[in-house]
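K.L.:
Okay, predicted coordinates and the sequence, questions at the end:
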Amino acid sequence: MILRTILIALVPIASVFATEPPTAIVLGIADGASQELLTAARLYKEGATGRLSLEAFPRTAIVRTFSASDFVTDSAASATALGRGIKADNRVVGQATATSESAPPSLLDLAKRAGWSTAVITDDSVTGGTPAPFLVEIGERERYAQIAAKILDQLGPRADIILGGGAQWFSDLSANPGVKYKNDDTELVSKTAERLKSLPVDFYDSWSAFQDRPTDSPAERPILGIFYPDLFPYFADGQRNPRLLDMVKKTVEILKARKKPFLLVFEAALPDKAAHLNNAKRAIIEVLEFDETLAWLRENLGPNALILATADHNNGGFTINGPPLPIRWKGDQILGTNPVTNQSILTWASGPGFDRNSPAASLPASDPLRTEPALLDAKSSYHSGGDVWLLGSGPGSERVQGFLDNTDVYRLIADNISPP
């Protein structure tokens, strides 16, 4: 009798925790965006007492990022962990080592097998170190021409929609007069451009043309949209078209119209690119772009979407120095110098900011091209090995807690992909 009473009492509790499987899964990756860079973005936009949209995510965890070969990962190895569930050597794309003869399935494969739609979006070249491991397998991340050719093979079988930059790897050579191709890439790029014309793929090299595409088009052919020769311009340098948010919005509209569950992977690549240059303002504004995209997704996908956001690694050893700093400062004020110490508020552990006499170091604090001081002299800042953050909301996000490995993110997503 007592046992029966306990079981009856537990029924309401169980129903509270019961959830429907997700109708959509989104993985957002802010490349190179350390925890301290998130803090700087909050200070810049809202001040010390404000909040970013991503701070409203109900679940948080700390994530280890070491690769199979190094305790400081690169983007290719980290994205392979996120997209394939394995530790890979640095510089290797979608497989464990440069000489691997097989590779585990991509999350995109699992979604397609379950009858889902899939999409990959980046504001880097689609051949870049973060998007590529979800799409292809290759032993060296800088074989961009080969990666582009492999991407064509996966349009449809693995990915329904791919958007980003990197037109120089997919278009006729005459359209890229300033590009110096290496080795035999010239011939391969020409073949890729020709093959693209003959494939049953909707190809867009104009954002306006893609934006005008009917959302409910009856044709469900794979879509490839390539909108810049390489990576996108920095948002801090002036309005860019399209924004990361624009690409995500249009893609979600198309995916929803197809009436199937979907997996969307999107990358904000430019925090990392800016960090390599010691350009704090550029990096901060790109984090804010990522934050706005996450806010739109949570508002428009509803409670049945599993949304995860993370960084693939840290970059540059970015630091906010103090005290004392006026608590009410925000915006460009935090890009300047401490009023007491007369030292830079924002600094880096490594990178081109080591040269205090460079023209970029003497620019006004508000200039996106300004390089903040760095301790170690490097042409491009080094990745750093600290743990990163992971945020989660929606069904399945209960596992976003404590200390995790980046391969756990793969397993979390894989376990929540189920047939519709």
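P.N.:
That came through, no problem. Numbers count the residues shown, from 1 in each chain.

K.L.:
Thr97 and Ile86 touch, don't they?
P.N.:
No: in this structure, Thr97 is not within contact of Ile86 by Cβ atoms under 8 Å, at 10.2 Å. C-betas here are computed from N, CA, C, even on glycine.

K.L.:
so what sits against both of the two?
P.N.:
Ala68 (Cβ atoms under 8 Å, 6 or more residues apart in numbering).

K.L.:
For the two, indicate the residue with more neighbours.
P.N.:
Neighbours were counted for Thr97 and for Ile86 using other Cβ atoms under 10 Å; Ile86 has more, 17 against 12.

K.L.:
Now the more buried one: which helix or strand?
P.N.:
Using DSSP states H and E, Ile86 maps to neither a helix nor a strand.

K.L.:
And the pLDDT at it?
P.N.:
Note on Ile86: pLDDT of 98.

K.L.:
again with Ser206
P.N.:
Per-residue confidence at Ser206 stands at 95 (pLDDT).

K.L.:
Can you give me the distance of it to Gly225?
P.N.:
Taking Cβ to Cβ, to the nearest Å as the measure, Ser206 falls 9 Å from Gly225.

K.L.:
Which residue of the two possesses the greater neighbour count?
P.N.:
Taking other Cβ under 10 Å, Ser206 and Gly225 do not tie; Gly225 has more neighbours (25 against 11).

K.L.:
other SSEs contacting whichever strand or helix holds the more buried one?
P.N.:
Assessed by DSSP H and E, Gly225 sits inside strand 223-226. On a contact count with 3 or more Cβ pairs under 8 Å, 6 or more residues apart in numbering; DSSP states H and E, strand 223-226 meets strand 161-165, strand 202-204, helix 207-211.

K.L.:
These: which one's closest to Phe66?
P.N.:
The closest of the helices and strands packed on strand 223-226 to Phe66 is strand 161-165. By Cβ to Cβ, the value is 27.1 Å.

K.L.:
Quick one: the helices in this protein, in order.
P.N.:
In the chain, the segments counted as helices under DSSP state H are 2-17, 35-46, 75-84, 107-113, 132-135, 144-154, 185-198, 207-211, 244-257, 270-276, 280-301, 406-416.

K.L.:
Would you indicate which residues of the fourth one are buried?
P.N.:
Applying a neighbour-count criterion of 16 or more other Cβ atoms under 10 Å, the buried positions in helix 107-113 are Leu107, Leu108, Asp109, Leu110, Ala111, Lys112.

K.L.:
what sits against Gly225?
P.N.:
Applying Cβ under 8 Å, 6+ apart to Gly225 gives the contacts Ile161, Ile162, Leu163, Gly164, Phe203, Tyr204, Asp205, Trp207, Phe210, Met247.

K.L.:
Relative to Ile29, which of those residues is nearest.
P.N.:
Nearest to Ile29 among those, with distances taken as Cβ to Cβ, is Gly164, at 12.7 Å.

K.L.:
got CSV for the helices of the chain, with distance to Ser69 too?
P.N.:
Shown next, in CSV, are these (distance: least, Cβ to Cβ, whole Å):
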stretch, distance to Ser69
helix 2-17, 41
helix 35-46, 24
helix 75-84, 7
helix 107-113, 22
helix 132-135, 15
helix 144-154, 20
helix 185-198, 26
helix 207-211, 38
helix 244-257, 30
helix 270-276, 20
helix 280-301, 27
helix 406-416, 15
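
K.L.:
Could you tell me the least trusted of those?
P.N.:
Per-stretch mean pLDDT for those is lowest at helix 2-17 (a mean of 42).

K.L.:
quick one: contacts for Lys45?
P.N.:
Here Lys45 is in contact with Leu52, Leu288, Lys330, Gly331 (Cβ under 8 Å, 6+ apart).

K.L.:
that older thread, which of the contacts of Gly225 are buried?
P.N.:
Ile161, Ile162, Leu163, Gly164, Phe203, Tyr204, Trp207, Phe210, Met247.

K.L.:
from those, which is closest to Phe57?
P.N.:
Met247 (21.5 Å).

K.L.:
my read: the closest one touches Ile121, true?
P.N.:
Yes: judged on Cβ under 8 Å, Met247 makes contact with Ile121 at a distance of 5.0 Å.

K.L.:
where do the contact lists of the two overlap?
P.N.:
By Cβ under 8 Å, 6+ apart, the residues touching both Met247 and Ile121 are Leu163, Gly164, Phe266.

K.L.:
And for Phe71, the neighbour number?
P.N.:
9.

K.L.:
With adjacent residues omitted, what lies nearest to it?
P.N.:
Gly385 (5.2 Å; Cβ to Cβ, 6 or more residues apart in numbering).

K.L.:
if I look at the one you found, how far off is Asn90?
P.N.:
For Gly385, the distance to Asn90 - Cβ to Cβ - is 12 Å.

K.L.:
With Trp207 instead?
P.N.:
Taking Cβ to Cβ, one finds Trp207 at 33 Å from Asn90.
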